[in-house]
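A.B. asks: below are the sequence and a predicted model for it; my questions follow.
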Number of protein chains: 2
Amino acid sequence: LRIALIGYGNVGRAFAALLQRQRHAYPFRIAGIHTARHGTAYGDGRFGPPASSVEEFLDRAPSEIVAEITTLNPANGEPALSHIRAAFARGRHVVTANKGPIAHAYAALREQAAAAGVQLRFESTVMDGVPVFNMARNNLPGVKVLGFTGALNSTSKIVIEAMRQGQSMQAGIEAARRLGITEADASYDIEGWDSAAKAAALANVLMDARITPQDVDRRGIARLTPERVRELAANRKAVCLVSRARFNPTGIRVRVRAEVLDDRDPLAAVSGTSNLLLLHTDLMGTIGTAGINCGVEQTAYGLFSDAVDIARHAGSVQF
Amino acid sequence: LRIALIGYGNVGRAFAALLQRQRHAYPFRIAGIHTARHGTAYGDGRFGPPASSVEEFLDRAPSEIVAEITTLNPANGEPALSHIRAAFARGRHVVTANKGPIAHAYAALREQAAAAGVQLRFESTVMDGVPVFNMARNNLPGVKVLGFTGALNSTSKIVIEAMRQGQSMQAGIEAARRLGITEADASYDIEGWDSAAKAAALANVLMDARITPQDVDRRGIARLTPERVRELAANRKAVCLVSRARFNPTGIRVRVRAEVLDDRDPLAAVSGTSNLLLLHTDLMGTIGTAGINCGVEQTAYGLFSDAVDIARHAGSVQF
């Protein structure tokens, strides 16, 4: 199968390298790579001037799968959303690491994919490629997800851990930035928008919530102080930015809060760039998935596993 | 598809009830139930005198799938192993919650299943039905498991927690027994045999280790004292019976030990009947799966998910 890449940052490069390394067992081919800034490459792999539009790129780079890995615009999921729709319009399957479209418009995308007879996969949008969506899809037949609880944001963990060690919030943000996990504007993480977007994506996919990040009852860690964190630590308590969702009588309630947890709570035990998601279900009780020290390699693997899943479902290739 | 049950204890009854509740979406039928003590039932569901042998039962209860859920004999995996082979000999797929056969003879069973053209599934043998084996099979294409670390034994957790609260080991064992998770003879858990059997099963399936529980370098918690546990707790340390495996230059090393961990270690944070398994992999780094407060319902669900997986692979039913 041929894959066309839209976007070629750290994740895109790691994904391309992984496809190259796995090519004997999983014979995907890169049909082209499009970036607005650095130009466009077609089958020969050489970057020339950028295509005038994503549509032009897709038309000139025939492929079965499109990988959408541009930078997130958290406010509305664009331009990734339009890229995905352009791919669907051409009968292409889509894999994406971009949580915007899933957090903002999953129900519509699901219907559009079904109408076009193609698949949409997005394992890397939450938990950096650790199987969450594919676990629910492949391994939990008949199970209804009743809610979830997750510690999903790395920056807030690093900032809170820094405060626990007596540093300021700003010093914690700098530490997260040095790890390459925080954007220039850290407020997206600190104010809980990243956690809200991931919660919206999870709720949309696993609970058919049909919400956007703006619908999440969200409060970040901006007002947390080192004094408060240390006072709690002395009492064996930890602060953690937690995303929660559950069905309630009026619908689905999704919220993000800095919660005070026991030090020995599993959610408190995943620190740094590790994360934990607990799914509350009807038939399987509560089950969790964790990613330990995840980064760009895992995100790239999530895209790869999605592409393999599509190939299996398409039935065109037996891996 | 028709399912014949060998064994009908707590797990068997929960499994039968689950099949009944799910019958509209997943139309399995129970072809018969065989127990040595309480008799044998065929299609009509009424228990009569026991069949003279498992082979006779299987011949009189035609089915596509056999569910092996008898009581474990930890020393050698029998009689479950013979039951599974009798099912294979009749061209039946097998699902089992019995870790003995997987811990003692997985490589041989895998070959025998392939030769018979049938499937063997065993999700419930470790982690009470939480997706572990099916996750590796379905969601991690191309991934090589390099090792694992797990807190897999509930009885030891409850005993150590009781000692942390100042009770004796014996009081902890009584508490575990009241929860229904410990056999009359608790030494199987306390001396680490349960952890060793689970570690052997995981290593056999995920790393092709071809070992038995007797090959695991095993030390239990029998010599642990409440004083020691409390002294460690005062220093924010926890004791946990941990199963580990990794490749080393001479092969695969699998061991079970009571390890001293930081209170905030994820392995220390899963208590009671919860458990956590971390898989160390090449392409996905370290990923974890957790089951929170798992019991017989989850074990039954694992059998159900295995049966659905077989139906999907067999291609005979589209769920």
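C.D. replies: Received the coordinates, thanks. Keep in mind it's a predicted model, so treat the numbers as computed, not measured.
A.B. asks: which strands and helices sit next to the worst-scoring helix or strand of chain A on mean pLDDT?
C.D. replies: When the helices and strands of chain A are compared on mean pLDDT, DSSP states H and E, helix A:266-269 comes out lowest with a mean of 91. Using 3 or more Cβ pairs under 8 Å, 6 or more residues apart in numbering or on different chains; DSSP states H and E, the elements in contact with helix A:266-269 are strand A:145-151, strand A:237-248, strand A:251-262, strand A:275-281, helix B:266-269. C-beta: built from backbone N, CA, C; applies to glycine.
A.B. asks: and the strands in chain A?
C.D. replies: A:2-6, A:29-35, A:39-41, A:47-48, A:65-68, A:93-96, A:120-121, A:145-151, A:217-218, A:237-248, A:251-262, A:275-281, A:286-292 (DSSP state E).
A.B. asks: which of the ones you listed sits closest to chain B?
C.D. replies: Of all the strands of chain A, strand A:286-292 sits nearest to chain B, with 3.4 Å by Cβ to the nearest Cβ.
A.B. asks: contact partners for the closest residue to A:D189 other than its chain neighbours?
C.D. replies: Of all residues not flanking A:D189 in the chain, A:T155 sits nearest, at 3.7 Å (Cβ to Cβ, 6 or more residues apart in numbering or on different chains). Going by Cβ atoms under 8 Å, 6 or more residues apart in numbering or on different chains, A:T155 touches A:I173, A:A176, A:I181, A:T182, A:A186, A:D189, A:I190, A:D194.
A.B. asks: what about the second one, how many residues nearby?
C.D. replies: By that I understand A:A176. When neighbours are counted by other Cβ atoms under 10 Å in any protein chain shown, A:A176 registers 25.
A.B. asks: again, but for the fourth one
C.D. replies: Neighbouring residues of A:T182 were enumerated by other Cβ under 10 Å; the total is 23.
A.B. asks: for chain B, tell me whether stretch A:204-220 is touching it.
C.D. replies: No. Stretch A:204-220 is not in contact with chain B by Cβ under 8 Å from any Cβ of the partner chain; minimum separation 14.7 Å.
A.B. asks: what comes into contact with that stretch?
C.D. replies: So stretch A:204-220 is in contact with A:74, A:102-104, A:106-107, A:122, A:133, A:136, A:145, A:147-148, A:156, A:189-193, A:195-197, A:199-200, A:203, A:241, A:243, A:245, A:247, A:252-258, A:279, going by Cβ under 8 Å, 6+ apart.
A.B. asks: make it 7 Å
C.D. replies: Stretch A:204-220 is contacted from outside by A:74, A:102-104, A:106-107, A:133, A:136, A:145, A:148, A:190-193, A:196-197, A:199-200, A:203, A:245, A:252, A:254-258, using Cβ atoms under 7 Å, 6 or more residues apart in numbering or on different chains.
A.B. asks: which parts of the stretch 51-200 of chain A sit against chain B?
C.D. replies: Residues of the stretch 51-200 of chain A found near chain B (Cβ under 7 Å from any Cβ of the partner chain) are A:G129, A:V130, A:P131, A:N134, A:M135, A:N138, A:N139, A:L140, A:P141, A:G142.
A.B. asks: on that earlier part again, so which of the helices and strands packed on helix A:266-269 is nearest A:I160?
C.D. replies: Among the helices and strands packed on helix A:266-269, the nearest to A:I160 by Cβ to Cβ is strand A:237-248 (5.3 Å).
A.B. asks: centroid residue for chain A?
C.D. replies: Centroid-nearest residue in chain A, with Cα atoms, centre = their mean: A:T125, separated by 1.5 Å.
A.B. asks: what's near enough to touch that one?
C.D. replies: Contacts of A:T125 by Cβ under 7 Å, 6+ apart are A:T96, A:A97, A:N98, A:K99, A:I102, A:A201.
A.B. asks: quick check: bridge partners of A:A290?
C.D. replies: A:L276, B:G288 (DSSP bridges).
A.B. asks: surely it and B:G285 touch.
C.D. replies: No. Judged on Cβ atoms under 7 Å, A:A290 makes no contact with B:G285 at a distance of 11.0 Å.
A.B. asks: now do the helices in the stretch 1-150 of chain A.
C.D. replies: Under the criterion DSSP state H, counting those that start in this stretch, the stretch 1-150 of chain A contains helices at A:10-21, A:54-60, A:80-89, A:99-116, A:133-139.
A.B. asks: for those, give me a markdown table that also has mean neighbour count.
C.D. replies: Shown next, in a markdown table, are the helices of the stretch 1-150 of chain A (neighbours: other Cβ atoms under 10 Å in any protein chain shown):
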| stretch | mean neighbour count |
| --- | --- |
| helix A:10-21 | 18 |
| helix A:54-60 | 18 |
| helix A:80-89 | 22 |
| helix A:99-116 | 20 |
| helix A:133-139 | 21 |
